[in-house]
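J.: Predicted model, plus sequence, below.
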Amino acid sequence: MPGPFERLTIADVARLPRPGSVVPARAEFTPDGRGITYLFSEEGNLVRSLWHYDIATGERRVLAGPPPSSTSESSLSREEELRRERARLRELGVTDYQFAPEANPPVLLVPGPSGLSLSIGYAPLAACSGTDDANDPQLSRDGTHVAFVRDGDLYVLPVAGGAPRRLTADAEDGLTNGLAEFIAQEELDRDHGFWWSPDGRSLAYIRADSRHIPSYPIVHQGKGEVDIEYHRYPFSGQPNAVLELGMVDVASGVTSWMDLGPDPDIYIARAGWRPDGVLTAQILSRDQKTLRLIAFERSNGQPRLILEERGEPWLNLSNDARFLKTGELLWSSERDGFRHLYLYDAGGREVQQLTAGEWVVTHVVGVDEARRLVYFVGTKESVLQRQVYCASLDGGESTQVTSGEGVHGAVLSPGGDWLIDSHSSTRAAARIVLRDAAGTERAVLFEQPEATSEALGLRPPEFVTLQADDGALLYGAIYRPPNLEPAKRYPVVISVYGGPHVQRVLDDWSLTADLRAQFLAQEGFVVFKLDNRGGFNRGLAFEAALAGRMGTVEVADQLAGVRYLASLSYADTGRTGIYGWSYGGYMTCMALMKAPGVFMAGVAGAPVTDWDGYDTGYTERYMGTPQSNPEGYFESSVLNHVRDLAGRLLIVHGMVDENVHFRHTARLVRALAEAGKDYDLLIFPEERHMPRSQSDLEYEERRIVQYFRDHL
């Protein structure tokens, strides 16, 4: 942890991890509920170990230290590199672990770059031979077997010893068994492609066929050797992977296939097993307006509809569904405009709505079935806050379990007796405590009194509210320059994301630890963040304001933010700049081109420049297809507005970005040249969607700050 920042430097801004962000991660209760495990770096860097905390004694010890091969990204395989990129993972060392939930003695699995390691009864980890390049390893519930994917096929390994056995054998380029396909990982929040049955005798898995999708080449231009990687990337309006859902018998290796219905052009949004051993799946239509929850007959794979959701203009997915041992189903839905919880009986009939109001349940923490209680996180008190609540499955008012302003997250113990509560605010970094089920604090698991805004010399942003053109309430955060001079007006820099499914303005430490914003404020800029219409956790209507017309209401709301700043005595909105990454890079371009008299300079990182060049799962959810919405795609394309560019534009892009391809910037550069518009370009030949190397990070930060110094 750094000491107080008397004055931030570019090196401080680029350095990872951020101040106050080295905290226990992936905290979970051990299966017996007596201990807590978590990932943590005692040295305060990105290299983590696996720790164990004994609830009764308070003793802490390391269960697994970082394997030497895991402490640098340079030694990772291409598959692991891409997995980390999709997961936005920067941490090293032990980055994942799992316990078999019903094993006695406990069985612990720790994957690493060189293969899998296992521990039985907390004995020292032992390497599993034959598990090199194992992807997505998962223990059976009883801990007797571990399954994984290698080279596109599904394998199973006895924990007691022996060689891995292949269960599928038809993988090839573009055809995988048991892997989450690109759209599932990147856009549907589904990381797994197979699931153990409760009795450990079967594995459900997805067979994804992308062979008909043309390979998109990404050339590594910054290396001494020729290196080309190929991706089956489904562009908006083009074919998706064809998915099948199978059930393989572990003993025989025989697969039976489930009937997914007559339409092959679907997403398998979720899959898993009920406690009674019935396989289920959530099937999402290609247009993402219909979601069917299906149960499959084990004997013949025939589907039975449990429930169906229809929504306009789209359905947002969640991970809230819980099948209870009683046969009941806990479900969340935005059917009334805000995500809330519902209870269904075993026959799929709605019993009652458990939560309601103009606020959202952000996610379910867990269910205490014995006491018939569900714990969840929500925005009931304020959209800027997150608190943990408890509601009865039998109905009634929910009860707030946590307190203290800021953002709370929680983990529920297997028996429902304990909660791990992680809490931060703009004034203090995360503090993690153990609470009983009533919310009373029982032990401090982690705290960092030196990581407060005051102790570090960082200034929390000021929260403000303003109105959009349609009267919607918008929330913003202002970073003011220190020691404002009464007669002086300071240039403005807008920090923007602007896209759906994201909320940036909330009472969380990450806002204070945004050292780029802090540094710009220190350098004499007024920095402003605004959650425009289209953002998340404000209800479906607020998010859906951009449906079919990206780059419209978002820009209008950012302009409303500039008008608000113009009313402040210290903000000189005649000198306004803007920057953002990914959707924020797109927004930077659109703001410069649609409001050229307002924004004087912008830095666009990895911008989407035409939505026909982005993927199906994300783009079609919000825009439909290029065939169904040609006018919307035309108007939302940066390429069709370059003629109106008047300010200075710096485009930043990694050339091996497999998410927003460098092609987006190449098309923009060509359009700018054809329109006779000047631009500046900063490329990183061997970076993906976000720079990772320390030298590239520092160079990028220096260029961004200098750009605003030069042009504002």
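T.: All right, it came through fine. Residues are numbered from 1 along each chain as shown.

J.: measure stretch 396-415 end to end?
T.: 22 Å (Cα to Cα, to the nearest Å).

J.: Are we agreed that residue 673 is in a strand?
T.: No - applying DSSP: H, G, I helix; E, B strand; the rest coil, one finds residue 673 to be helix, outside a strand.

J.: count of residues packed around it?
T.: 12 (other Cβ atoms under 10 Å). C-beta coordinates here come from the backbone N, C-alpha and C atoms, glycine included.

J.: How about the helix or strand hosting residue 442, which residues are buried there?
T.: According to DSSP states H and E, residue 442 maps onto strand 441-446. For strand 441-446, the neighbour count (16 or more other Cβ atoms under 10 Å) marks 445, 446 as buried.

J.: strands paired with that strand, and their directions?
T.: strand 431-436 (antiparallel) (DSSP bridges).

J.: quick one: residue 217 and residue 81, what's the gap?
T.: To residue 81, residue 217 is 17 Å away according to Cβ to Cβ, to the nearest Å.

J.: Now do the strand holding residue 442: everything it contacts.
T.: 23-24, 27, 36, 40, 53, 55, 58, 418, 420-421, 430-436 (Cβ atoms under 8 Å, 6 or more residues apart in numbering).

J.: Helices of the stretch 601-712 of the chain, residue ranges please.
T.: Assigned by DSSP state H, counting those that start in this stretch, the stretch 601-712 of the chain shows helices spanning 616-623, 630-636, 662-674, 694-711.

J.: in the third one, what's buried?
T.: Neighbour counts over helix 662-674 (16+ other Cβ under 10 Å) mark 662, 664, 665, 667, 668, 671, 672 as buried.

J.: other SSEs contacting that helix?
T.: The contact analysis (3 or more Cβ pairs under 8 Å, 6 or more residues apart in numbering; DSSP states H and E) places helix 662-674 against strand 648-654, strand 680-684.

J.: from these, which stretch is densest packed?
T.: With neighbours taken as mean count of other Cβ atoms under 10 Å, the helices and strands packed on helix 662-674 reach their highest mean count in strand 648-654, at a mean of 24.

J.: helices and strands around that strand, which ones?
T.: Using 3+ Cβ pairs under 8 Å, 6+ apart: strand 648-654 touches helix 583-594, strand 599-605, helix 662-674, strand 680-684, helix 694-711.

J.: circling back to that earlier point, ok, residue 217 and residue 81, which is more surrounded?
T.: residue 81 (16 against 9).

J.: could you point out where the stretch 51-200 of the chain is predicted with low confidence?
T.: Within the stretch 51-200 of the chain, the stretches with pLDDT under 70 are 68-76.

J.: and residue 559, backbone torsions?
T.: phi -70, psi -40 (degrees, to the nearest 10).

J.: Per-residue confidence, it, what does it come out as?
T.: In this model, residue 559 is scored at 98, pLDDT.

J.: any idea how far the residue lying closest to it once chain neighbours are set aside is from residue 124?
T.: Nearest residue to residue 559, sequence neighbours excluded (Cβ to Cβ, 6 or more residues apart in numbering): residue 595, at 5.7 Å. Note on residue 595: its distance to residue 124, by Cβ to Cβ, is 62 Å.

J.: mind listing what the residue lying closest to residue 151 once chain neighbours are set aside touches?
T.: With Cβ to Cβ, 6+ apart as the criterion, residue 151 has its nearest non-adjacent residue at 6.1 Å, and that residue is residue 171. Contacts for residue 171 (Cβ under 8 Å, 6+ apart) come out as 151, 152, 153, 177.

J.: Apply 10 Å and report the result again.
T.: Residues in contact with residue 171 (Cβ atoms under 10 Å, 6 or more residues apart in numbering) are 149, 150, 151, 152, 153, 154, 177, 178, 179, 207.

J.: Over to residue 267?
T.: Taking Cβ under 10 Å, 6+ apart, one finds 181, 183-184, 187-188, 190, 240-241, 243, 282-286, 288, 291, 317, 616-617 in contact with residue 267.

J.: cutoff 6 Å now
T.: residue 284 (Cβ atoms under 6 Å, 6 or more residues apart in numbering).

J.: Quickly run through the sheet partners of the strand or helix carrying it, with directions.
T.: Secondary structure from DSSP H and E places residue 267 in strand 266-273. Sheet pairing of strand 266-273 (DSSP bridges) gives strand 279-285 (antiparallel).

J.: elements contacting whatever helix or strand comes next after the partner strand?
T.: Following strand 279-285 in sequence order, the next helix or strand is strand 290-296 (DSSP H and E). Judged by 3 or more Cβ pairs under 6 Å, 6 or more residues apart in numbering; DSSP states H and E, strand 290-296 is in contact with strand 279-285, strand 303-310.

J.: got the angle between the shortest one and helix 616-623?
T.: Same thing as strand 279-285. 50 degrees (axes from the mean of the first three to the mean of the last three Cα atoms, to 10 degrees).

J.: Against residue 568, how distant is the residue located most distally from the centre of the chain?
T.: What lies farthest from the middle of the chain is residue 487; by Cα atoms, centre = their mean that is 43.4 Å. In this view, residue 487 and residue 568 are 14 Å apart by Cβ to Cβ.

J.: Please apply the same query to residue 422.
T.: From residue 422 to residue 568 the distance is 35 Å (Cβ to Cβ).

J.: what does residue 45 give?
T.: Counting by Cβ to Cβ, the gap from residue 45 to residue 568 is 40 Å.

J.: between those two, which one's more packed in?
T.: residue 568 (17 against 14).

J.: mind listing what that one touches?
T.: Per Cβ under 6 Å, 6+ apart, neighbours of residue 568: none.

J.: do the same with residue 328
T.: residue 345.

J.: and residue 202, how many neighbours does it have?
T.: Using other Cβ under 10 Å: residue 202 sits among 22 other residues.

J.: residue boundaries of the strands in the stretch 101-250 of the chain?
T.: According to DSSP state E, counting those that start in this stretch, the stretch 101-250 of the chain carries its strands in the segments 107-112, 115-120, 126-127, 135-139, 145-150, 153-158, 165-166, 175-177, 194-196, 202-209, 215-219, 228-232, 242-249.

J.: Just checking: what are the partner strands of the third one?
T.: So the one you mean is strand 126-127. Counting by DSSP bridges, strand 126-127 is paired with strand 115-120 (antiparallel).

J.: and if you look at the fifth one?
T.: Each strand that pairs with strand 145-150, with its direction, by DSSP bridges: strand 135-139 (antiparallel), strand 153-158 (antiparallel).

J.: That one versus strand 107-112: what angle between them?
T.: Going by the same axes, to 10 degrees, strand 145-150 makes 20 degrees with strand 107-112.
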